[in-house]
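# okay, structure incoming, though there's no sequence with it:
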């Protein structure tokens, strides 16, 4: 958070773009600072180029959609009696895979926890962990949606979002 | 439920019944046993009593008999003497005098006799002559009158003194005596009378009579002959009553028994011979027969106990004792059985209750989990939308409303999380992870979270981590973070001015210092090259009353400079910086790292009366606290639990109006020495924090700050970047700054960091100005090679000087301007200091871009990958759509043509030879058919195809073996081995990493597989 002055001289479009970019940067910063996303996400962003301009958005939306499905499956699996831990484990594995692909490291970390509970066949532990996973997922989901929204604003103002790096 | 209860009741009743029955039977049995014991003992006792009676009675009888006979025998002997005297006509030898003398001297021979007397036989015709010769008349026995005329008389002529009254009495005048005399003289043997009252004494007695004959009679003489020959009679009186009594009294136990002697010659009417009471013949009486030497008379002795048999106390007590013991034993068993039943019943009930409670607890937790989830989902929506709303154009009021709404929402989410944590702690489900993490990074993260708040309120927020604390620890980073966030968040909430200082030390050091260890190393040893000359006086002492981070007083002085200095010295003392960075020498030699973390604030403090319940869940200082500051008061309790889970302890010192210091200890594992930190950072995905840039290594910095603690914090952060630090703690116009200037110009100092409040509010801003002045003055005095620059302008000095940086908590626009005017052109570093932020600012100021090189490398890497993969047809097999898309994107980027399928079966279909794929990336774990299985089938199909081909077309060999690479998230040795075993050619870690992907792919495509 170096005091890097960006005193836009002119108002209007450029000013707004700068402001949007600032917000975007801050948002990404907070994602980083709170440990929500790791380098994998910047790798993803680097994959986005002219040939696939919406790659990140596509992956993010896919992630959100797919994770929602997995969480639903997980919840259903854990509500069964008796719980089919093998099935739960398979779901968790999937979730862990996709969250790790997108770089959602906190989701991934709690997925690992859920999996440990699952291996122990600890239903209550699983429930807690699932709750935690869901919580983390909701957080990252919100953040990612905000991010996409901000990106759209920037694009609408005629700019391109700066690459996400682990630097400030 | 009711039915069950009833069943249970019936069961217990039955059990009780069963016991009670047994118990009652037992009691009966014992009663019988004790009764029989009683009877037997009683019978034995009676027999013994009877035997005793018999023995006593027989003894008495025999003794009496003996004595009786002895007496009689003596009388008989006397009779024989008299008879002999009569025969020899010498009876005249005896007169009354001699007889009584003789009788008296032989009285001991007749123990039972009261006396003996001799009576002559006097016929009527001789009466007168007899009376004449003796000088008295024959008298009647009872009336003592002159005897009437009878055929014959038997007047007693000689008598023992005791019976002298008998003399001259006619013995034949008494009925008994007469019969006796007649019988005795007819039989020639002794004869006994019936018992009767004796003369004079009136005692009961018997009289024993022998006849004295005047001639020698043959044994078979007829009674008539005997009568004719009779000369007189010798008689003795047995005063049975007195004498027998004397005799019997000599026996032991005579008072116990009553003895009677009867004459039973006439069986129908036994006559009492001796005895005070009438002893009738009964079962209690023992009868022993007596032979007193008169065959015509029969006697017997009857004995009985004086008193009835005492109740058989022994038998009674024994049997009662047996019964009582038996009863008690039975009762004991019965009671214990009852107790066991009761306990079992209770146990069963408790088990049921426990099950219920467990169910309830699970239900509660489940409910909490569900509810919190249900609340959180819409709340996330609300928060997300609010965030977006705030990103749109809003006027100030709207912005404020939106922000408030968001803050409330966040508070709600935090509350839910905390409640859930509490539930987890209560149900014991909270478990800690053990993963490597970067302590500094976590603290930096937390600081950045609170940086906004602290900056707004002008509170100094700082972190110091002892150099001896390993940078990588194994533990639960999330929970550690939570504790720190709780404590710092709490502090921020209650602090309006001053500072919040998070400090991490090794507990060994802390203990040593707290114990007042006698380390006395000289201060110059530990600091790099601290300039702290004796002439340097602090510029402004106003705020320096307390030598803490911000100058405000704190509750616990553990972080004041005095203690801090000791700690630093202690750490420096045992820490050898020459060692390799990643080898820490711990004295105890194990891998456990004991940390002491303290969070110190200068806030309102905790009121004394609530200090003891600070860690109680949902407890706040008072109800007004929640109104003023918000929060639920659950955070501290959770933190404490978490600390305890980390096998540490949390305590605090708090002084109202001054501040609080929370301190906790925590145990972490240390990374093994052989694992290098950089390795961890590269391979372990948990440690996502990159190593700090190394481009500042070896640089030198000057930190100018009036507060030692704060300057140490700054030094700590700079040192993490590899910058060597020199401190200026006080500023004297001449010496210090001159030395500083000298060393900067001469000695390659790269940057000077000045705290805005170096010696008081805002004084730091003027530092370059003063430096400049003092330097020029100094130079002028020394007149050295900068002599020409006497009138140096500020700008010139600034250009020649190292980069000037101002460190500040917050800056107003005016201050910005002022700073710039004073020469801080390079950068302003806004606190809280964090290594990453500091490095960014330094990079900006110094123009060093560490990242650029990396970027170039990356681009080169991707270029070569591009070369390899360009135009290749690649099949990606993954069931996870996100992973699939990401892999596709990555491969596409390197120019490959990618096709995706979502299952092992689909892959088998796609890769059925002949096909035109050049490579396949296969996820290992997939439902239905995993990667290994799919690979095996594909390999089988390839084998068949190649056999088929080689059999048919021999001309051209086409490589049918497609490289299959496993995609796996966990890269462990076993997985790799398994990959190769089932026919895969290698593996890439998910998510793709360029270098690894390159390595894996290059192996195939460069080896001329194409």
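Here it is on my side, so go on. Quick caveat: nothing in here was measured; it's all calculated off a predicted structure.
# from here on, contacts and neighbour counts on C-alpha atoms
OK.
# so which elements touch the longest helix belonging to chain A?
Longest helix of chain A, by residue count under DSSP state H: helix A:123-156. Applying 3 or more C-alpha pairs under 8 Å, 6 or more residues apart in numbering or on different chains; DSSP states H and E, we find helix A:123-156 packed against helix A:13-33, helix A:55-79, helix A:105-120, helix B:313-391.
# apply 6 Å and report the result again.
helix A:105-120 (3 or more C-alpha pairs under 6 Å, 6 or more residues apart in numbering or on different chains; DSSP states H and E).
# mind listing what the residue nearest the centre of chain A touches?
Central residue of chain A (C-alpha atoms, centre = their mean): residue A:140, 4.3 Å from the mean position. Counting by C-alpha atoms under 6 Å, 6 or more residues apart in numbering or on different chains, residue A:140 touches no other residue.
# how much space between it and residue B:430?
Relative to residue B:430, residue A:140 is positioned 23 Å away (C-alpha to C-alpha, to the nearest Å).
# report the buried residues of stretch B:92-110.
For stretch B:92-110, the neighbour count (16 or more other C-alpha atoms under 10 Å in any protein chain shown) marks B:96, B:99-100, B:103-104, B:107, B:109-110 as buried.
# quote the end-to-end distance of it.
End-to-end distance for stretch B:92-110, by C-alpha to C-alpha: 24 Å.
# for it, the distance to its chain's centre please.
106 Å (C-alpha atoms, centre = their mean, to the nearest Å).
# avg pLDDT for it?
Stretch B:92-110 carries an average pLDDT of 84.
# stretch B:657-677 now?
Here the average pLDDT along stretch B:657-677 is 79.
# buried set for it?
For stretch B:657-677, burial by neighbour count (16+ other C-alpha under 10 Å) applies to B:657-671, B:677.
# who's in contact with it?
Stretch B:657-677 has contacts (C-alpha under 6 Å, 6+ apart) with B:473-475, B:554-555, B:591-605, B:646, B:648-654.
# likewise for stretch A:95-107?
Residues from elsewhere that reach stretch A:95-107 (C-alpha under 6 Å, 6+ apart): A:36-38, A:40-41, A:108, A:111, A:133, A:136, B:882-883, B:991.
# could you look up the SS state of residue B:805?
What DSSP: H, G, I helix; E, B strand; the rest coil gives for residue B:805 is strand.
# quick check: bridge partners of it?
Beta-bridge partners for residue B:805, by DSSP bridges, are residue B:753, residue B:827.
# now for it, how many residues are close by?
When neighbours are counted by other C-alpha atoms under 10 Å in any protein chain shown, residue B:805 registers 25.
# pretty sure it contacts residue B:753?
Yes: taking C-alpha atoms under 6 Å as the definition, residue B:805 is a contact partner of residue B:753 at 4.8 Å.
# pLDDT at the residue of the stretch 451-600 of chain B found nearest chain A, what is it?
Residue nearest to chain A within the stretch 451-600 of chain B (C-alpha to the nearest C-alpha): residue B:478, separated by 9.3 Å. With respect to pLDDT, residue B:478 has a value of 81.
# what's the helix or strand for the nearest residue to residue B:293 once chain neighbours are set aside?
Spatial nearest neighbour of residue B:293, excluding adjacent residues (C-alpha to C-alpha, 6 or more residues apart in numbering or on different chains): residue B:69 at 6.5 Å. Here residue B:69, judged by DSSP states H and E, is contained in helix B:2-87.
# state the next helix or strand along the chain beyond that helix.
In N-to-C order, the element after helix B:2-87 by DSSP H and E is helix B:96-105.
# so which bits of chain B are right by chain A?
B:384, B:445, B:837, B:841, B:882-883, B:890, B:991 (C-alpha under 6 Å from any C-alpha of the partner chain).
# just checking, which of those residues belong to helices?
Members of these lying in helices (criterion: DSSP H): B:384, B:445, B:837, B:841, B:882-883, B:890.
# re the thing from before, what would the contacts of stretch A:95-107 look like in JSON lines with distance to residue B:404, pLDDT and neighbour count?
Formatted as JSON lines, these follow (distance: C-alpha to C-alpha, whole Å; pLDDT from 0 to 100; neighbours: other C-alpha atoms under 10 Å in any protein chain shown):
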{"residue": "A:36", "distance to residue B:404": "24", "pLDDT": "82", "neighbour count": "20"}
{"residue": "A:37", "distance to residue B:404": "27", "pLDDT": "83", "neighbour count": "26"}
{"residue": "A:38", "distance to residue B:404": "30", "pLDDT": "80", "neighbour count": "24"}
{"residue": "A:40", "distance to residue B:404": "34", "pLDDT": "79", "neighbour count": "22"}
{"residue": "A:41", "distance to residue B:404": "31", "pLDDT": "83", "neighbour count": "22"}
{"residue": "A:108", "distance to residue B:404": "31", "pLDDT": "85", "neighbour count": "27"}
{"residue": "A:111", "distance to residue B:404": "33", "pLDDT": "88", "neighbour count": "28"}
{"residue": "A:133", "distance to residue B:404": "27", "pLDDT": "87", "neighbour count": "25"}
{"residue": "A:136", "distance to residue B:404": "23", "pLDDT": "85", "neighbour count": "21"}
{"residue": "B:882", "distance to residue B:404": "36", "pLDDT": "80", "neighbour count": "28"}
{"residue": "B:883", "distance to residue B:404": "39", "pLDDT": "80", "neighbour count": "29"}
{"residue": "B:991", "distance to residue B:404": "39", "pLDDT": "64", "neighbour count": "24"}
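# remind me which helix or strand the nearest residue to residue B:660 once chain neighbours are set aside belongs to.
Spatial nearest neighbour of residue B:660, chain neighbours left out: residue B:654 (4.0 Å); criterion: C-alpha to C-alpha, 6+ apart. Secondary structure assigned from DSSP H and E places residue B:654 in strand B:650-655.
# which of the helices and strands in chain B ranks last by mean pLDDT?
Of the helices and strands making up chain B, the lowest-confidence element is helix B:523-526, at a mean of 37, by mean pLDDT, DSSP states H and E.
# the longest strand along chain B pairs with which strands, parallel or anti?
Longest strand in chain B by number of residues (criterion: DSSP state E): strand B:659-670. With DSSP bridges as the test, strand B:659-670 is paired with strand B:472-475 (antiparallel), strand B:592-601 (antiparallel), strand B:650-655 (antiparallel).
# so after the shortest one, what's the next helix or strand?
Using DSSP H and E, the helix or strand that follows strand B:472-475 towards the C-terminus is helix B:477-494.
# point out where the stretch 851-1000 of chain B drops to low pLDDT.
Under the criterion pLDDT under 70, the flagged ranges of the stretch 851-1000 of chain B are B:851-864, B:949-960, B:969-976, B:990-995.
# residue B:476: neighbour count?
Residue B:476: 18 neighbours (other C-alpha under 10 Å).
# list the contacts for it?
B:432-434.
# name the element the residue lying closest to residue B:172 once chain neighbours are set aside belongs to?
Among residues not flanking residue B:172 along the chain, residue B:178 sits closest, at 4.2 Å (C-alpha to C-alpha, 6+ apart). Residue B:178 belongs to helix B:175-187 when assigned by DSSP H and E.
# give the buried residues for that helix.
B:176-187.
# distance check, the nearest residue to residue B:217 once chain neighbours are set aside against residue B:220.
Once flanking residues are discounted, residue B:217 sits nearest to residue B:226: 7.4 Å by C-alpha to C-alpha, 6+ apart. Residue B:226 is 10 Å from residue B:220, where distance means C-alpha to C-alpha.
# with neighbour numbers in mind, choose between these two.
residue B:226 (24 against 8).
# ok, then the element right after the strand or helix carrying the more buried one?
Secondary structure assigned from DSSP H and E places residue B:226 in helix B:223-229. As assigned by DSSP H and E, the chain's next helix or strand after helix B:223-229 is strand B:230-238.
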